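> I would like to see how this sequence folds:
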Amino acid sequence: MLLAWRLIRADALPIWAPLALGLFDDLVSGQPLGLGIATWTICFFMIDMIDERLMFRDFWQNWLIAAGGTAFYLVVGRLTAVRFGAPVDTVLLLQVLASIMLFPVISLLCAWLDRDYEPA
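I've put the predicted structure just below:
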């Protein structure tokens, strides 16, 4: 949801949003403290770098960017929180694929929630 908001409307979230929401993610998910903060901030920086390079983005590019950010977050979380011999790679792959496939639904939800917004 965080990546969908950032990709649809860059001005909807303040610059400190990945820090606060990453901290909340760390507290709720049980990941090591600081993992969500670091990974979501890196994802936001990467999206900003992509925004500087591209003149415009379409839905397919947003989907690809969100897929990369989500996969990055989940893989880094697996590498830091689970020992290497643990048999969680299949479950991780299914979680990454499910997250990628659900991005259009989440993106539509964000656009629907933002439908009445009028900039000041």
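
> low-scoring stretches of the chain, by residue?
The chain contains residues with pLDDT under 70 at 117-120.

> going along the chain, name the helices of it.
2-8, 17-29, 35-53, 59-81, 89-113 (DSSP state H).

> which parts of the third one are buried?
Translated: helix 35-53. Residues of helix 35-53 classed as buried by neighbour count (16 or more other C-beta atoms under 10 Å): Leu35, Gly36, Ile37, Ala38, Thr39, Trp40, Thr41, Ile42, Cys43, Phe44, Ile47, Ile50. For every residue, glycine as well, the C-beta is placed using N, CA and C.

> same deal with the fourth one?
Within helix 59-81, the residues that qualify as buried by neighbour count (16+ other C-beta under 10 Å) are 62-63, 65-74, 76-78.

> swap in the last one?
The neighbour-count check on helix 89-113 (16+ other C-beta under 10 Å) flags Gln95, Val96, Ser99, Ile100, Phe103, Ile106, Ser107, Cys110 as buried.

> got a list of contacts for that helix?
Contacts to helix 89-113, defined as C-beta atoms under 8 Å, 6 or more residues apart in numbering, come from residues 1, 4-5, 7-9, 59, 62-63, 66-67, 70-71, 74-75, 78.
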